[in-house]
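Trainee: 3D, please:
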Amino acid sequence: MFGMRQMLAAGAASVIMAVAPAAQSETLADALIAAYKNSHLLDQNRALLRAADEDVATSVAALRPVVNFVASASKQVRSVQQVPTNTIIENGSLELSAELTLYDFGRSAAGIAVAKESVLATRASLVGVEQQVLLGTVQAYVNVRLAQEIVDLRRNNVRVIGEELKASEDRFEVGEVTRTDVALAESALGEARAAMAAAEGDLLVAREAYRALTGAYPVKLAPLPAAPRLPGSLKEAVSIAMRNHPTMIEAQHSVKVADLNVELAKANMKPSIGLSTSVGVAATNQSRDYDYAQAGVSMSQTLYAGGRLSSLLRRAQAQREAQRSALLNTTVTVEQNVSNAWSSVDVLAAQIAGNSRQIEAAQVAFEGVREEAKLGARTTLEVLDAEQDLLNARAARIQSEAERYYSLYSVLATTGLLTVEKLNLGIPTYDVTAYYNAVKDAPASFQGQQLDRVLKALGQE
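Mentor: Numbers count the residues shown, from 1 in each chain. This is a model prediction of the structure:
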């Protein structure tokens, strides 16, 4: 969430962006598009998804024959004690063998199902990262805009206090105020200049955060667009989150993975039936070449492994219970986050209304105190205090406005609706199925050119 200075900076930006020509300004949509295209975090998680896709290919390959080629050559020297000569025997062979699992009582099928569910969970995780990147970009955009506005607010404050100091010095010259009044104005001016320097520092920090997300420093930012459309009610928002939030979807697939891992652990205790065959040619310098071929069917099963297989089964069962509990906890957390974000929007709307009334009253009070000071009914300190109250009221509304705008997008994020596609940004999105479809059937290496074309289309080459 925003720090105090960043929040003050965030609220003030609304005035500046209204002045900038929209045609020459960078919009929030532009920033979101740049972040989506330039995010290294998204690139990292897309690569992790492709790695999960390859796990499906690896599992599918387990159902296919394994073909091996073996060539060997050896030389043997035999010596007999009674005969002072050595016999040299040279051997050579070529063999082509193949092994195929005929039936493994569901072991391979469970492995494939685990890999596929893991892919779906990883896809949901990628959506979560996308939401994280986009929400961070919204915050960075608001911070930069409003950080610039807070600088202007502080600069204006320095100007106003400077005028008060000049007025105090003039009144001191004619004996209307004391040297103390002048010193108070000088102190207030120093404080205002320090606050302006701090605001300028906050702007630099906000610009760096913006560059880290979008890949470039902001130049001129357009006004904040209209608030995004939210669900009609809190109940509807929670319902959408239960169906669409990537954390929920990921947790659901993780439960399925845990269930399948239990089945896989059970299958590992059962026998496996396989077919093996080989053909070859062998020769020695002592006899002529001969060819051979053989084939056979075998069944194997681990009878005792020191308790390892039973331990793996119990481990899988414990992990299944953990994932089910994690899903229940995720449900509670997602609902809580939606409720918190929804309540924040309403609370901040009420704060903005209160801030507006406070500004109106502070403005009247400041103007009145300043006029009364000219007549000698108020001191310089009272004028400075009234001016500070007005500044604080304006800053409070700026902070509330910034927080509320950010909270609107937070509601979208907590419901799973903060994605490039759902925001209608109008750009091509990463195709999570393209690489999967290219490798799901475990293509051989000679199909690598096809994969290269897929990677190029995904922007990875």
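
Trainee: can I take it that Phe105 is in a helix?
Mentor: No: going by DSSP: H, G, I helix; E, B strand; the rest coil, the assignment for Phe105 is coil, not a helix.

Trainee: give me the next element, helix or strand, following the helix or strand bottoming out on mean pLDDT in the chain.
Mentor: Ranking every helix and strand in the chain by mean pLDDT, DSSP states H and E puts helix 4-19 at the bottom, with a mean of 37. Using DSSP states H and E, the next helix or strand after helix 4-19 towards the C-terminus is helix 28-38.

Trainee: and that next one, what other elements does it pack with?
Mentor: helix 107-173, helix 179-214 (3 or more Cβ pairs under 8 Å, 6 or more residues apart in numbering; DSSP states H and E). Backbone N, C-alpha and C define where each C-beta goes, glycine included.

Trainee: for Ala227, phi and psi?
Mentor: Backbone torsions of Ala227, given as degrees, to the nearest 10, read phi -60, psi 140.

Trainee: count of residues packed around it?
Mentor: Ala227 is flanked by 11 other residues according to other Cβ atoms under 10 Å.

Trainee: who are the contact partners of it?
Mentor: Ala227 is in contact with 405, 408, counting by Cβ atoms under 8 Å, 6 or more residues apart in numbering.

Trainee: deepest of the helices and strands packed on helix 28-38, which one?
Mentor: helix 107-173 (a mean of 21; mean count of other Cβ atoms under 10 Å).

Trainee: which strands and helices sit next to that one?
Mentor: Short answer (3+ Cβ pairs under 8 Å, 6+ apart): helix 107-173 packs on helix 4-19, helix 28-38, helix 40-61, helix 179-214, helix 246-267, helix 380-415.

Trainee: contacts for the second one, please.
Mentor: What it means is helix 28-38. Counting by Cβ under 8 Å, 6+ apart, 42, 130, 133-134, 136-138, 140-141, 210, 213-216, 218, 221-222, 224-225, 420, 423, 425, 427, 429 sit against helix 28-38.

Trainee: follow-up on the earlier one: using CSV, lay out the helices and strands packed on helix 28-38 together with mean pLDDT and distance to Asp389.
Mentor: Listed next are these as CSV, based on pLDDT from 0 to 100; distance: least, Cβ to Cβ, whole Å:
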stretch, mean pLDDT, distance to Asp389
helix 107-173, 92, 12
helix 179-214, 92, 13
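
Trainee: just send these back as CSV, with distance to Tyr435 too.
Mentor: Formatted as CSV, the helices and strands packed on helix 28-38 follow (distance: least, Cβ to Cβ, whole Å):
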stretch, distance to Tyr435
helix 107-173, 10
helix 179-214, 26
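
Trainee: for Asn244, which of the ones you listed is the nearest?
Mentor: Between Asn244 and these, the shortest gap by Cβ to Cβ is with helix 107-173, which sits at 9.1 Å.

Trainee: how far out from the middle of the chain is that closest one?
Mentor: 15 Å (Cα atoms, centre = their mean, to the nearest Å).

Trainee: got the angle between it and helix 246-267?
Mentor: Interaxial angle, helix 107-173 versus helix 246-267 (axes from the mean of the first three to the mean of the last three Cα atoms, to 10 degrees): 150 degrees.

Trainee: on that earlier part again, would you format the helices and strands packed on helix 107-173 as JSON lines with distance to Ser125 included?
Mentor: Converted to JSON lines, the helices and strands packed on helix 107-173 look like this (distance: least, Cβ to Cβ, whole Å):
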{"stretch": "helix 4-19", "distance to Ser125": "29"}
{"stretch": "helix 28-38", "distance to Ser125": "16"}
{"stretch": "helix 40-61", "distance to Ser125": "7"}
{"stretch": "helix 179-214", "distance to Ser125": "19"}
{"stretch": "helix 246-267", "distance to Ser125": "5"}
{"stretch": "helix 380-415", "distance to Ser125": "15"}
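
Trainee: for the chain, which spans come out with low pLDDT?
Mentor: Applying pLDDT under 70 to the chain flags residues 1-24, 78, 80-86, 285-288, 290, 445-452, 454-456, 458-461.

Trainee: geometric centre of it: which residue is closest?
Mentor: Nearest to the geometric centre of the chain sits Val129, at 2.4 Å (Cα atoms, centre = their mean).

Trainee: OK, contacts around it?
Mentor: 41-42, 45.

Trainee: that older thread, which one of the helices and strands packed on helix 107-173 lies closest to Asp289?
Mentor: helix 40-61 (34.7 Å).

Trainee: which of the helices and strands packed on helix 28-38 sits closest to Thr330?
Mentor: For the helices and strands packed on helix 28-38, distance to Thr330 was read as Cβ to Cβ. The smallest value, 11.3 Å, belongs to helix 107-173.
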